[in-house]
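S.K.: turn this into a model:
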Amino acid sequence: MQASSTPWGVGSRLRRAIFMGALSFLFAGACDVMDNGACDQLVPGDFSCAINGRTYLLHVPQNLANPAPLVIDAHGFTETSMIQMGKSGWRQMSDSAGFVVAFPQGNGNAFNGQGQCCDFLNVTDDVGFFRAIVTRTRNAGNIDPQRIFATGFSNGG
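M.R.: Model (predicted):
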């Protein structure tokens, strides 16, 4: 029996898994610092941060505005924060405009959407997680409370 060529077929899932693994490998060097306190101060670089066991990537540009805007950019269903950081363009815009970007990682590679999606993945309180990212980032440096934004792709949007 041949593998299905439909989007839900085994061949398609395997190709997608290989593609996502390759993207993760390509962008692995982008976040070479784990949460060692760097997430609690706005120093330039890319950092892997954690709050209560949930992770997010944080990008702080060299030319940080004072006060700086904060953008939270969430990935789509089945994707990761690393993939979103590599494909959304927010990291590059951050470097040119001087704002901070956080890329949250959804539980099970999904966000709950206030109970409207993905309950089958036992997704926890994403709104609380985003608020905790905002609080921690504001405590880390001079973030403009009037310029905090959220964006994302598909399930993360």
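
S.K.: and the residue most central in space within the chain, what helix or strand is that in?
M.R.: Among the residues of the chain, the one closest to the centroid is F103, at 2.0 Å (CA atoms, centre = their mean). In this structure, F103 sits in strand 100-104 according to DSSP states H and E.

S.K.: residues making contact with that strand?
M.R.: Applying CB atoms under 8 Å, 6 or more residues apart in numbering, the set of residues contacting strand 100-104 from outside is 42, 49, 54-61, 64, 68-75, 81-82, 84-85, 90-91, 94, 111, 126, 129-130, 133, 137, 141, 143. Any C-beta I mention is one placed from the backbone N, CA and C, and that applies to glycine too.

S.K.: rerun that using 7 Å as the cut-off
M.R.: If you take CB atoms under 7 Å, 6 or more residues apart in numbering as the criterion, strand 100-104 is touched by 42, 56-60, 68, 70-74, 81, 84-85, 90-91, 94, 129-130, 133, 137, 143.

S.K.: then stretch 139-149?
M.R.: Counting by CB under 7 Å, 6+ apart, 39-42, 66-71, 100, 134, 137-138 sit against stretch 139-149.

S.K.: again, but for stretch 69-89
M.R.: When contacts are defined by CB under 7 Å, 6+ apart, stretch 69-89 is touched by residues 20, 23-24, 27, 30, 56-57, 90-91, 99-106, 109-111, 130, 133-134, 137, 143-144, 147-157.

S.K.: and if we set it to 6 Å?
M.R.: 23-24, 27, 57, 90-91, 99-105, 109-111, 130, 137, 143-144, 147-156 (CB atoms under 6 Å, 6 or more residues apart in numbering).

S.K.: so which of those residues are in strands?
M.R.: Counting by DSSP state E, the contacts of stretch 69-89 place 57, 100-104, 143-144, 147-152 in strands.

S.K.: mind giving me the ChimeraX command for buried ones among those residues?
M.R.: Those of these that count as buried under 16 or more other CB atoms under 10 Å are selected in ChimeraX with:
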select :57,100,101,102,103,104,143,148,150,152
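
S.K.: could I get the ones in strands among the contacts of stretch 69-89 as JSON lines with pLDDT?
M.R.: Listed next are the ones in strands among the contacts of stretch 69-89 as JSON lines, based on pLDDT from 0 to 100:
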{"residue": "L57", "pLDDT": "96"}
{"residue": "V100", "pLDDT": "97"}
{"residue": "V101", "pLDDT": "98"}
{"residue": "A102", "pLDDT": "97"}
{"residue": "F103", "pLDDT": "97"}
{"residue": "P104", "pLDDT": "95"}
{"residue": "I143", "pLDDT": "96"}
{"residue": "D144", "pLDDT": "96"}
{"residue": "R147", "pLDDT": "97"}
{"residue": "I148", "pLDDT": "97"}
{"residue": "F149", "pLDDT": "95"}
{"residue": "A150", "pLDDT": "94"}
{"residue": "T151", "pLDDT": "93"}
{"residue": "G152", "pLDDT": "90"}
